[in-house]
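Enquirer: fold the following for me, if possible:
(one chain, ligands or ions: 1)
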Amino acid sequence: MSKFKSEIIKCLYKNDEYISGQYIAEKLNCSRVTIKKVIDQLKHEGFNIESQTNKGYKITQLPPLWQQEIVNIELSKQKILNKAYVQPQVDSTQLLARSIINEEHDDFVVLSDEQTKGRGRFNREWSSIKGKGLWMSIVLKPHIPIHKMSTFNLFISLAIQEVVEKHYQINSKIKWPNDIYVGEQKLCGFLTEMIADTDGVNAIICGIGFNLNQTREEFDKVGQHRATSLLIEHGSTIDPYQFLKYLIEAIEKRYNQFLVSPFSEIKDTYKSKSMIWNRTLNYTEGNKKVKGRAIDIQDNGFLTVISEDGEIYQFMSADIDI
Ligand SMILES: CC1(C)O[C@@H]2[C@H](O1)[C@@H](Cn1cc(CCCCC[C@@H]3SC[C@@H]4NC(=O)N[C@@H]43)nn1)O[C@H]2n1cnc2c(N)ncnc21
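Expert: Reported below is the predicted structural model:
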């Protein structure tokens with residue numbers, strides 16, 4: 001059954017029209033009874049499949065959970081990130097990505113419907129409710145010196161912000177160095193880890209948590225006031241596959257730019273999309289704690305902050321308390 005399941009999903013998903021059971025049976029060299037059994041199984045898993053006599057079958061709605069075959073089809077059009085590992089549940093996609101890295105030569109993404117131990121920076125918990133968001137880790141293997149990594153997050157955050165603005169018409173802002181906000185509420189968080197040695201970077205593992213379809217009530221009490229989702233801001237249910245395609249396209253574009261261009265090329269655009277200007281905030285980096293105002297971002301991605309008593313500080317990657 002499962003060997004036919006994958007082929008039947010591909011057959012139906014690639015065609016917008018009705019596909020006859022006879023055609024699929026002949027293509028897969030199996031009986032029409034088998035086709036019907038698999039179709040019923042897919043419906044049970046959450047696919048909406050319409051069947052019309054004399055016409056056949058058509059997928060009218062995908063399940064809210066990631067399907068390996070469909071992710072493969074959607075990512076097959078990408079140049080860099082065209083390979084995916086889909087798992088219904090993981091502790092953390094970052095951990096799964098790390099366990100795959102040594103066997104997988106290419107760049108790839110890891111996607112999961114649910115994380116039981118999603119993590120943010122400083123080992124903080126990342127809430128990853130099943131089927132409600134994009135919980136993804138991207139593994140890239142550029143040959144770059146370690147110092148170049150200080151601006152990687154800046155290119156990625158611009159890619160994410162652009163998807164929200166261009167495809168969903170939502171006024172989102174970047175909270176340097178790795179969050180996307182709508183107003184004072186977090187829509188997306190991401191963190192970048194890397195595997196490196198003295199010769200340079202071997203792999204980048206960028207973990208992105210993006211709230212897609214949570215309702216206000218589905219956030220826990222902390223999230224009620226500090227988190228938001230595309231559904232809340234956009235007002236309609238978000239198609240995760242369409243969002244994934246937009247996001248990967250945008251990330252590939254900004255990643256290619258990151259590899260060949262300095263941050264200065266996007267600095268003005270980045271600054272215009274940032275939410276940390278003209279406000280006094282608390283900046284923490286290691287044991288450095290400063291209450292002050294950000295005044296600029298350097299070409300190396302460092303943030304310049306002037307404290308309330310007039311001292312100038314440079315932060316590489318601070319925790320900012322909004
Ligand atoms: C109490 C407070 C201040 O509010 C919470 C929490 O502290 C803070 C925690 N955080 C977040 C980040 C940014 C990096 C996140 C990367 C997530 C991805 S998912 C795929 C990949 N696999 C993986 O394991 N990680 C990555 N750094 N720290 O965010 C809030 N918070 C927690 N969950 C959410 C959420 N779903 N939406 C909004 N805010 C949240």
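Enquirer: this structure against the ligand: which residues are in contact?
Expert: Contacts of the chain with the ligand, taken as CB under 6 Å from any ligand atom, map to 92-94, 115, 118-121, 124, 126-128, 135-137, 178-179, 186, 189-191, 207-209, 211, 222-223, 226-227. Every residue, glycine included, has its C-beta placed from N, CA and C.
Enquirer: narrow the residues you listed to those in strands?
Expert: 115, 135-137, 179, 186, 189-191, 207-209, 211 (DSSP state E).
Enquirer: my guess is residue 282 contacts residue 288. True?
Expert: No - look at residue 282 against residue 288 with CB atoms under 8 Å: they stay out of range, at 11.2 Å.
Enquirer: returning to what we had before: for PyMOL, what selects the buried ones among the residues of the chain next to the ligand?
Expert: What follows is the PyMOL syntax selecting those of the residues of the chain next to the ligand that are buried according to 16 or more other CB atoms under 10 Å:
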select buried, resi 92+93+94+115+118+119+120+126+127+128+135+136+137+178+179+186+189+190+191+207+208+209+211+223+227
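Enquirer: and the two most separated of the ones in strands among the residues of the chain next to the ligand?
Expert: The largest distance within these, taken as CB to CB, falls between 137 and 186 and amounts to 18.6 Å.
Enquirer: give me the beta-bridge partners of residue 135?
Expert: Beta-bridge partners of residue 135, counted by DSSP bridges, are residue 112, residue 209.
Enquirer: surely it meets residue 128?
Expert: Yes - counting by CB under 8 Å, residue 128 is a contact partner of residue 135 at 4.7 Å.
Enquirer: common neighbours of these two, please.
Expert: Common neighbours of residue 135 and residue 128 (criterion: CB atoms under 8 Å, 6 or more residues apart in numbering): 112, 114-115, 118, 209.
Enquirer: could you pull out the helices in the stretch 51-200 of the chain for me?
Expert: 68-75, 93-100, 152-168 (DSSP state H, counting those that start in this stretch).
Enquirer: contacts for the last one, please.
Expert: So that's helix 152-168. Residues from elsewhere that reach helix 152-168 (CB under 8 Å, 6+ apart): 170-174, 176-178, 180, 182, 187-188, 190, 192, 204, 206, 208, 210, 230, 233-234, 238, 243, 246-247, 250-251, 253-255, 257-258, 263, 266, 269-270, 273, 297, 301, 317.
Enquirer: got the buried residues for it?
Expert: By neighbour count on 16+ other CB under 10 Å, the buried set for helix 152-168 is 152-164, 167-168.
Enquirer: any stretches of the stretch 1-150 of the chain with poor pLDDT?
Expert: Along the stretch 1-150 of the chain, segments meeting pLDDT under 70 span 1.
Enquirer: residue of it nearest the ligand, please.
Expert: In the stretch 1-150 of the chain, the residue found nearest to the ligand is residue 120; the distance is 2.2 Å by CB to the nearest ligand atom.
Enquirer: would you map out the domains in the chain?
Expert: 2-61, 68-271, 276-321 (automatic domain parsing).
Enquirer: out of those, which one sits most buried?
Expert: The highest mean neighbour count among the domains of the chain, using mean count of other CB atoms under 10 Å, belongs to domain 68-271: a mean of 18.
Enquirer: who's in contact with residue 112?
Expert: Counting by CB under 8 Å, 6+ apart, residue 112 has contacts 66, 86-90, 93, 96, 128, 135-136.
Enquirer: and the strands in the stretch 1-150 of the chain?
Expert: 48-52, 56-61, 84-90, 108-115, 133-140 (DSSP state E, counting those that start in this stretch).
Enquirer: which one of the ones you listed lies closest to residue 321?
Expert: Across the strands of the stretch 1-150 of the chain, closest to residue 321 is strand 133-140 (CB to CB), at 23.5 Å.
Enquirer: how about the helices of the stretch 51-200 of the chain in CSV, adding distance to residue 45?
Expert: What follows is the helices of the stretch 51-200 of the chain, written out as CSV (distance: least, CB to CB, whole Å):
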stretch, distance to residue 45
helix 68-75, 12
helix 93-100, 22
helix 152-168, 28
